[in-house]
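In: sequence first, then the predicted structure, then my questions.
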Amino acid sequence: MLNLDLISKKIIEKRKQKGMTQNELADTLFVSRQAVSKWEMGKSLPSIEVLLEMTELFDVTIDYILDGSELSDHDYQSMFMQYPRESVIYHFLNSNHLNEDIKNIFYLLTPKERKLMVDQFIAKQLCVDVTILWPYLSVVERKYLIGNFKSKDMDQELLNLYDLMSREEKMMVNPEGRSTITYVSKKRKGEKS
């Protein structure tokens, strides 16, 4: 059974966090001020359509409003069920815990979304430790990353990954098959020794 007092407290809390009056909330949701007042006094409930609009306005889930439960910032599986994919990915990309969260989200992404993240990593727009990202990549994604690192002379990244690579991947990096690899920086035209 729904707890009207709890629901009313959540609506009041979120309305005040937004800095809105009852009139402003009513105008935003296209309802009367009296309807908002009844919700906040625990005398009635908003319709499902209005509840959905509230979730978008307050950036919460229906569960949060109805039973007070909140999603964890790291529960990407639940977020994908309740929010648009773009919003969840945006939330991840703006997280302060990218290295910790990569394991919670990467397996939930579509191949296209995964490639986008790998491309952002290569372009240094996604600041994740490559050794943390590596185990979550498919064989194809790993080869793509190695190829990009080699073409962009990102030798340090390759060195960081070398111990984590399969034998085939190591051969891509070090075709001579030496047990250790060393990189010599390439001279550019016109550069003096």
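Out: Arrived safely.
In: which residues touch the residue nearest the centre of the chain?
Out: Centroid check for the chain by Cα atoms, centre = their mean gives F92 as the closest residue, at 1.8 Å. Neighbouring residues of F92 by Cβ atoms under 8 Å, 6 or more residues apart in numbering: Y76, L98, D101, I105. Bear in mind the C-beta positions are built from the backbone N, C-alpha and C, glycine included.
In: contacts only, for the last one.
Out: I105 sits next to Y76, V88, I89, F92 when contact means Cβ under 8 Å, 6+ apart.
In: how far is the helix or strand in which it is found from where the chain is centred?
Out: Taking DSSP states H and E as the definition, one finds I105 inside helix 98-105. On the basis of Cα atoms, centre = their mean, to the nearest Å, helix 98-105 sits 8 Å off its chain's mean C-alpha point.
In: helix or strand right after that helix?
Out: Counting by DSSP H and E, what follows helix 98-105 is helix 111-122.
In: who does that next one touch, helix- and strand-wise?
Out: Judged by 3 or more Cβ pairs under 8 Å, 6 or more residues apart in numbering; DSSP states H and E, the packing partners of helix 111-122 are helix 85-93, helix 139-151.
In: so where is this protein shaky, pLDDT-wise?
Out: Judged by pLDDT under 70, the chain has its weakly predicted residues at 1, 68-73, 82, 176-193.
In: 50 instead, please
Out: 179-188, 193 (pLDDT under 50).
In: in CSV, list the helices and strands packed on helix 111-122 along with distance to K43.
Out: Shown next, in CSV, are the helices and strands packed on helix 111-122 (distance: least, Cβ to Cβ, whole Å):
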stretch, distance to K43
helix 85-93, 33
helix 139-151, 55
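In: quick one: the strands in this protein, in order.
Out: Applying DSSP state E to the chain gives no strands.
In: make a markdown table out of the contacts of I105 and add distance to I132.
Out: A markdown table is the format used below for the contacts of I105 (distance: Cβ to Cβ, whole Å):
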| residue | distance to I132 |
| --- | --- |
| Y76 | 16 |
| V88 | 20 |
| I89 | 18 |
| F92 | 14 |
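In: tell me, how many residues neighbour V140?
Out: 11 (other Cβ atoms under 10 Å).
In: same deal with I102?
Out: I102, neighbours per other Cβ under 10 Å, totals 21.
In: relative to D129, how far out is it?
Out: Separation of I102 from D129 (Cβ to Cβ, to the nearest Å): 9 Å.
In: what of F149?
Out: In terms of Cβ to Cβ, F149 sits 14 Å off from D129.
In: who's more crowded, these two?
Out: Taking other Cβ under 10 Å, F149 and D129 do not tie; F149 has more neighbours (21 against 11).
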